[in-house]
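In: Below are the sequence and a predicted model; questions follow.
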Amino acid sequence: MTFTTPNSTYKNKTLSVLSVAGIALSLGLAGCSSNESADTVTNADGTTSAGENIELLNVSYDVARDFYKDYNPMFVEHYQSENPGSNISIQQSHGGSSKQALSVANGLQADVATMNQGSDIELLEKRELVEANWEEQFPDNAVPFTSTIVFLVRKDNPKNINDWEDLTRDGVEIVMANPKVTGNGRYAFLGAYGYGLHAFDNNEDAAKNYVRDMLKNVKVYENGGRAATTTFVQRGLGDVLITFENEANLAANQFGQGQVDIVYPDYSIKSESPVAIVKTVTDKKGTTAAAKAYLDYLWSEPAQQLAADLYLRPSVQSVLDKNGDKLPPVETFRPNDAFGSWDDIMGTFFSDGGTFDQLAVNAPQ
């Protein structure tokens, strides 16, 4: 996993795992508070008071690093304008969404969790780290932006991949994240399964046959969405990468520019990126109000526009409407509407011996 933090000029730098481990340990010490006295602030009436030094740790999923890298200094500037004399810094931790949630469940001292799958927040709720009403604490069921699953193909699409059914053709090699451990991979798998149900009039057997044929063409299962992109773009493996829309655009417009194209399927899955305060940690540290402000600001117009600029679909409709040129309409379905609760989804599809294991002849363990 990768950790980053803004410095005094709000530019990000990468921290070593060892240094962040030390930070996480220090934050976790009982009775420790990050709100230590800082600069002396002169108030309007001429009196003085002490400011605060606040440190927040955002534990997040793999491909969100680019959004939060830019969001954090934006929020820091906003927060300090609203709270003169307070100094706030944000550390980031990124990896596979479910692995990140498990790290928090096992003691990583996150102030906020920003994941790409509801089950990852639900895990923290079950561990009583997140409050039961976390979805009600923010707009849009605590989902500030969404994405969808698309295909990244080689320049000029030499394999002529235009929709889900093309992924089953002989000679097509697929790269995707591992559905056993990553939200990116789960959405890719569920997107394929949902397409099968859509294409075959909700015939479960036909949908399973389609997914089985598609999975036969998977050349690489990577342990995270960014790792899958690196394998496809930089290592040159595979003919098509199944991934999030924002990740595909990042590759097409930046580090894979001129090498790849994006293909939008006619029907795909909506991925939701829920956020929550890790209340047991923030209450202990005294950072609950700052953590709430950090997540609240995700719904501000600047943050929503930043999401759109990075090809995430804003939950604020007015901002989404303004960005229709880069975020074209796609018919999508919600996994919970199609397959039930995340507990049901995880048990049915991704448990040991579940549907994914049954259909993927080369399923990763």
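Out: Received, thanks.

In: Do you have the strands of the stretch 251-365 of the chain handy? List them.
Out: Assigned by DSSP state E, counting those that start in this stretch, the strands in the stretch 251-365 of the chain fall at 260-263, 267-272, 275-277, 313-314, 331-333.

In: Which among those is found nearest to Ala101?
Out: Nearest of those to Ala101, taken as Cβ to Cβ: strand 275-277 at 10.3 Å. For every residue, glycine as well, the C-beta is placed using N, CA and C.

In: Residues in contact with the closest one: which ones?
Out: 111-115, 121, 124-125, 130-131, 134, 137-138, 142-144, 288, 291-292, 295, 298 (Cβ atoms under 8 Å, 6 or more residues apart in numbering).

In: what's the answer for stretch 155-163, then?
Out: Stretch 155-163 is contacted by residues 151, 153, 166-167, 169, 171-172, 239-240, 258-261, 263, 265-266 when judged by Cβ under 8 Å, 6+ apart.

In: Serialize the strands of the stretch 251-365 of the chain to TSV and add fields for mean pLDDT.
Out: Compiled in TSV, the strands of the stretch 251-365 of the chain are given as follows (pLDDT from 0 to 100):
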stretch	mean pLDDT
strand 260-263	97
strand 267-272	96
strand 275-277	98
strand 313-314	97
strand 331-333	96
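
In: Relative to His94, tell me which of these wins on proximity.
Out: When the strands of the stretch 251-365 of the chain are ranked by distance to His94, counting by Cβ to Cβ, first place goes to strand 275-277 at 14.4 Å.

In: Name the SS class of the nearest residue to Pro179 once chain neighbours are set aside, please.
Out: Spatial nearest neighbour of Pro179, excluding adjacent residues (Cβ to Cβ, 6 or more residues apart in numbering): Gly185 at 3.8 Å. Using DSSP: H, G, I helix; E, B strand; the rest coil, the structure places Gly185 in helix.

In: From the contacts of stretch 155-163, keep the buried residues only.
Out: 151, 153, 166-167, 172, 239-240, 260-261, 263, 265 (16 or more other Cβ atoms under 10 Å).

In: sorry, back to before: for Leu57, find the nearest of the strands of the stretch 251-365 of the chain.
Out: With respect to Leu57, and counting by Cβ to Cβ, the nearest of the strands of the stretch 251-365 of the chain is strand 275-277 at 11.9 Å.

In: partners of that closest one in the sheet?
Out: The strands that strand 275-277 pairs with in its sheet are strand 112-114 (antiparallel) (by DSSP bridges).

In: name the helices or strands packed onto the helix or strand just after the partner strand?
Out: Stepping forward along the backbone from strand 112-114, the first helix or strand reached (DSSP states H and E) is helix 118-126. Helices and strands touching helix 118-126, as assessed by 3 or more Cβ pairs under 8 Å, 6 or more residues apart in numbering; DSSP states H and E, comprise helix 97-105, strand 112-114, strand 275-277, helix 342-345.

In: Nearest to Tyr221 among the ones you listed would be which one?
Out: The nearest among the helices and strands packed on helix 118-126, by Cβ to Cβ, is helix 97-105 at 14.3 Å.

In: Please save the CA atoms from that closest one in PDB.
Out: Extracted C-alpha coordinates of helix 97-105, given in PDB (Å, rounded to 0.1, in the frame of the first residue of the first chain):
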ATOM      1  CA  SER A  97     -10.300  -1.900  -1.300                       C
ATOM      2  CA  SER A  98     -11.200  -5.000   0.700                       C
ATOM      3  CA  LYS A  99      -7.600  -5.400   1.900                       C
ATOM      4  CA  GLN A 100      -7.600  -1.800   3.100                       C
ATOM      5  CA  ALA A 101     -10.900  -2.300   5.000                       C
ATOM      6  CA  LEU A 102      -9.400  -5.400   6.600                       C
ATOM      7  CA  SER A 103      -6.300  -3.400   7.700                       C
ATOM      8  CA  VAL A 104      -8.600  -0.900   9.400                       C
ATOM      9  CA  ALA A 105     -10.600  -3.700  11.000                       C
END
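
In: can you list the residues that contact it?
Out: The contact list for helix 97-105, computed with Cβ under 8 Å, 6+ apart, reads 1, 59-62, 93-95, 110, 113, 115-117, 119-121, 123-124, 127, 129, 181-184, 278.

In: 7 Å instead, please
Out: Contact with helix 97-105 is made by 59-61, 93, 110, 113, 115-117, 120, 123-124, 127, 129, 181-183, 278, as judged by Cβ atoms under 7 Å, 6 or more residues apart in numbering.

In: Counting neighbours, which of these end up buried?
Out: In terms of neighbour count (16+ other Cβ under 10 Å), the buried residues within the contacts of helix 97-105 are 59-61, 93, 110, 113, 115-117, 120, 123-124, 129, 181-183, 278.

In: From Gln305, how far out is the residue nearest to Pro179?
Out: 29 Å (Cβ to Cβ, to the nearest Å).

In: again with Asp156
Out: Counting by Cβ to Cβ, the gap from Asp156 to Gln305 is 32 Å.

In: in stretch 97-114, what counts as buried?
Out: Buried residues in stretch 97-114 (16+ other Cβ under 10 Å): 97-105, 108-114.

In: Can you give me the pLDDT of Val41?
Out: In the predicted model, Val41 carries a pLDDT score of 40.

In: i'd like the first residue to be 31 from this point on
Out: In the new numbering, first residue 31, that becomes Val71.

In: which regions of this protein sit below the pLDDT cut-off?
Out: Applying pLDDT under 70 to the chain flags residues 31-81, 393-395.

In: Recalculate using a threshold of 80.
Out: Along the chain, the parts satisfying pLDDT under 80 run over 31-82, 93, 126-127, 391-395.

In: now the helices for the stretch 181-330 of the chain?
Out: Along the stretch 181-330 of the chain, counting by DSSP state H, counting those that start in this stretch, helices occupy 213-229, 234-245, 255-263, 275-283, 309-315, 318-326.
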